[in-house]
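1. pasting the sequence and the predicted coordinates here, then a few questions.
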Amino acid sequence: MEEKQRPSLSEIKAILTQFEIPGMCDSSVKAFVSEEGGNEYLVWLVDNGCTKYVLKQAKAYEIDAYRCFFSDRQPYIPSFFGACHYNGQEYFITEFFAGTDLRVCDRRRLKLVLDALAEMQNEFWERTELYDACVTMEKALEGIENRGKYLGSELLEKVYRKFERVFRETPRSLCHDDLLPINVLVNNERAVFIDWEYGGVLPYMGAFARLIAHGRENRDYYFYMSAEDREFAIAYYYDAVAKQHGISQEEFRRTLDYFLFYEYCEWIMLGNRYDSRDDERYGYYLNLAEKLAKKLI
């Protein structure tokens, strides 16, 4: 986003006054900063001396997601305190949740994340009245079809076409369709999911597959997850979600394989589309995708 679109401190103060929360005018404000590049996000920590909040410039569907899905302030979501329009942009305020993300996975915090995911998806299982809210199947399929154009392999393309059929046939629930470990926060009691611009009632497996697909057994890598924790997560999620809805373990594992295959194809698409096949991730994910494709074929 261009710098001119970033609100000044005085503009942020003006935005805060639009929310009916005591002490907003005198609150301290501090931008959240990227750990990698040091760039400031369009997200701010707001402290009125009694309570901390998060103010965020909204991306697509985020406010709609809170209003459509989370009006009851469910425990797996930061509490939503409202939204406003300012200078052509939308902003919203949520609870500040003091937790850490799951980039370095451990069993205790992983279980809290899986419990939160299970509670959410069991609550929203096959809620047909919400199929048209936020990101729809039609919108999701546009992205899927686009990714499939850049695989550059007859084997991968054949399995990818089968994945598209599986995607359409998989039961739906509320799905955070970008549930990377950085989009979940965990403390000692609970886990919450953040950044809901891709949320919708979609094939249930998408969120879980993305959560576990990119962890490696290398603590220096951006996402760390041991093989034991990954297998624990698969078994735990099956018992907590799929089994509850009459899905056999065989069907569950095969569906998971297809959704993991889709995750692996992301970096293949990026490498082929942007001519970055020398990126280490391209070769890593190509190897994983080809192995899984041969199993699924």
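-> Sure thing, it's come through.
2. any low-confidence regions in this protein?
-> The chain contains residues with pLDDT under 70 at 1-4.
3. and the longest helix for it?
-> Using DSSP state H to define each element, the chain has its longest helix at helix 249-273.
4. which strands and helices sit next to it?
-> Contacts defined by 3 or more Cβ pairs under 8 Å, 6 or more residues apart in numbering; DSSP states H and E place helix 249-273 against helix 137-147, helix 154-169, helix 205-213, helix 280-296. The C-beta positions use only the backbone N, C-alpha and C, and glycine is treated the same way.
5. kindly report the domain assignment for this structure.
-> For the chain, automatic domain parsing gives the domain ranges 3-95, 107-296.
6. so which of those is the most packed in?
-> Mean neighbour count, computed with mean count of other Cβ atoms under 10 Å, is highest for domain 107-296 among these, reaching a mean of 18.
7. now do that one: distance from first to last residue.
-> Length of domain 107-296, first residue to last, Cα to Cα, to the nearest Å: 29 Å.
8. and Gly199, what are its bridge partners?
-> In this entry, Gly199 is beta-bridged to His176, by DSSP bridges.
9. quick revisit: can I get the domains of the chain in CSV with distance to Asp101?
-> Formatted as CSV, the domains of the chain follow (distance: least, Cβ to Cβ, whole Å):
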stretch, distance to Asp101
domain 3-95, 10
domain 107-296, 5
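10. picking that back up, let's have the helices and strands packed on helix 249-273 in CSV, adding distance to Arg127.
-> Below are the helices and strands packed on helix 249-273 laid out as CSV (distance: least, Cβ to Cβ, whole Å):
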stretch, distance to Arg127
helix 137-147, 13
helix 154-169, 18
helix 205-213, 15
helix 280-296, 29
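11. what's the closest of those to Leu117?
-> Closest approach to Leu117 among the helices and strands packed on helix 249-273 (Cβ to Cβ): helix 205-213, 6.4 Å.
12. the closest residue to Cys175 other than its chain neighbours in helix, strand or coil?
-> Sequence neighbours aside, Leu202 is the residue nearest to Cys175 in space, at 4.1 Å (criterion: Cβ to Cβ, 6 or more residues apart in numbering). Recorded secondary structure, Leu202: strand (DSSP: H, G, I helix; E, B strand; the rest coil).
13. surely Leu202 and Val135 touch.
-> Yes. Between Leu202 and Val135 there is a contact at 6.8 Å, judged by Cβ atoms under 8 Å.
14. what touches both of the two?
-> Shared contacts of Leu202 and Val135, defined by Cβ atoms under 8 Å, 6 or more residues apart in numbering, comprise Asp177.
15. isn't Leu130 up against Arg67?
-> No. Taking contacts as Cβ under 8 Å, Leu130 lies outside contact range of Arg67: 11.8 Å.
16. how near is the spatially closest residue to Arg6 that is not a sequence neighbour to Ala213?
-> Distance criterion Cβ to Cβ, 6+ apart; nearest residue to Arg6, sequence neighbours excluded, is Leu42 at 6.7 Å. With distances taken as Cβ to Cβ, to the nearest Å, Leu42 is found 27 Å from Ala213.
17. hmm, Gly200 is touching Val135, no?
-> Yes. Counting by Cβ under 8 Å, Gly200 touches Val135, with 3.4 Å between them.
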